[in-house]
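Turn this into a model:
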Amino acid sequence: MKDIGNGIGASCFQWGRSQGSMTQRGRRLDERVAIVTGGASGIGRGIAERLAADGARVCVADLQHDAAATVAADIGDRAIACAVDVTDEASVDRLVAATVERFGGLDIMVNNAGTIAISPLVDTSLETWQRLFRVNVDGVFLGARAAARQMIAQGRGGVIINASSGAGRRGGRFVSHYCATKAAVMLMTQSLALELAPHRIRANCYAPGHIETPMWDTIAARIGALSGKEPSAVLAEVEASVPWGRFGTSGDVAATVSFLASDDAEYITGQTIGMNGGELLA
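I've put the predicted structure just below:
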C-alpha cells in the first residue's frame, strides 16, 4: 500500500527570480499576503499562481523546498518559497513568522497540503490511518491556529481556507481513512468560523471532486489493481460519472479559492464549497 501526497511540506524563504509568464486577471487581492501549503504542485500550485495573479504576495510552502522555489520563481518577485512540514508545530509556526517577516503580515492562509492512501479497510494499517490524520487534519489545525494567532494580533481580520474534498461528504470504497479526514476538516472549519467571527476572520473549505492532477495516474493504478480493471478504464469511469463531462482542473479550484479569499466573499464563512462538475453529494 502506498501513500500519495501533494507536498505536505517545509527552512525558509527564497525570492522568485523571474517574472514568469503570468497574465493579470484582476487585482482583487492587491497587496494582501497569502500562504499556500502544498503549493509546489497540483492544486496547490494552481492556487498560488492564481492568488499572485489576483494581486496577492504569496508564500509557496511545501515539504519539497526546491520544487516550491521553482514555483515562486515562475510567479515572480511577488512570491517566496518556504519549506514546511505541516505535521510539525514548530515548522508551521516558523512558516508564518517567515512570511510575516518578509511581507509584513498575513491575510490569507490556504491549508491545502494533503495526502491520500488507497487500501481496503482490512488491509489498512494503523500507521496509515494516523499518517492521513496527521497531514490532513493536524496539518489544517496547526496552520489555522498559527494563522489565527497572527491575524488576531494584527487586528485587521483575515481569511482561512481549508482543503476538504467531496470524499468528506460521501464515503467510497478503499478510502475510508481519507474520507474520515476530509469530513473532520469540514466540521473543524465550521467551528473556526463561529469562534473567529468576532475577530473578522472568515473560515471556509473548498471540496474538489475529481481534479486532473498527476496524482490521479497513481490512484487509478491502485484502484485498478484492487478492482481488476485497467487504469484507463478506471479513469474513463470516473470521468463519465461527472455530469459536466470532464475532470476538473487546478484552475477550477484556484478560481474558487481566490473568490473565497476576496472581499467579494465577505459574507461567506463556515461553508464548504464544492467544485465537482455537478456531482450531487449527500
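
Just the CA coordinates for stretch 105-124, please, in CSV.
What follows is stretch 105-124, C-alpha atoms only, in CSV (Å, rounded to 0.1, in the frame of the first residue of the first chain):
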residue,chain,number,x,y,z
GLY,A,105,1.7,40.5,7.8
LEU,A,106,-0.7,37.7,6.9
ASP,A,107,-4.2,38.0,5.4
ILE,A,108,-4.9,34.6,3.7
MET,A,109,-4.0,31.1,4.9
VAL,A,110,-4.7,28.3,2.5
ASN,A,111,-4.2,24.9,4.2
ASN,A,112,-4.0,22.9,1.0
ALA,A,113,-1.4,20.3,1.8
GLY,A,114,-2.8,16.8,2.0
THR,A,115,-2.2,13.1,1.3
ILE,A,116,-4.2,10.0,0.3
ALA,A,117,-3.8,6.3,0.6
ILE,A,118,-5.9,3.7,-1.3
SER,A,119,-6.5,0.5,0.6
PRO,A,120,-9.3,-1.8,1.7
LEU,A,121,-10.2,-1.4,5.4
VAL,A,122,-8.9,-4.9,6.3
ASP,A,123,-5.5,-4.1,4.9
THR,A,124,-5.2,-0.5,6.2
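
mind checking how far that stretch is from the chain centre?
In this view, stretch 105-124 has its centroid 8 Å away from the chain centroid, taken as CA atoms, centre = their mean, to the nearest Å.

Tell me the buried residues in it?
Neighbour-count burial for stretch 105-124, counted by 16 or more other CB atoms under 10 Å, picks out 105-119, 124. Quick note: C-beta positions are derived from backbone N, CA and C, even for glycine.

Show only the entries of those residues found in strands.
108-111, 115-117 (DSSP state E).

mind listing what the spatially most central residue of the chain touches?
Using CA atoms, centre = their mean, the residue of the chain that lies closest to the mean C-alpha position is Asn112, 1.6 Å off. Listed by CB atoms under 8 Å, 6 or more residues apart in numbering, the contact partners of Asn112 are 6, 36-39, 43-44, 47, 163.

any idea how far it lies from Glu237?
27 Å (CB to CB, to the nearest Å).

repeat for Ala73
38 Å.

Which one of those two is surrounded by more residues?
Ala73 (19 against 13; other CB atoms under 10 Å).

The longest strand anywhere in the chain - which strands sit beside it in the sheet, and in what orientation?
Using DSSP E to define each element, the chain has its longest strand at strand 201-208. With DSSP bridges as the test, strand 201-208 is paired with strand 158-163 (parallel), strand 272-275 (parallel).

before we move on, the earlier item: in strands only, show me the contacts of Asn112.
36-37, 163.

residues contacting Thr213?
6, 41-43, 250.

how many neighbours does the closest residue to Thr87 other than its chain neighbours have?
For Thr87, ignoring the flanking residues on the chain, the nearest one in space by CB to CB, 6 or more residues apart in numbering is Arg134 at 4.5 Å. By other CB under 10 Å, the residues close to Arg134 number 18.

Ok, Glu230 next?
As a measure of burial, Glu230 has 11 neighbours, counting by other CB under 10 Å.

Could you measure from it over to Glu212?
With CB to CB as the criterion, Glu230 and Glu212 are 18 Å apart.
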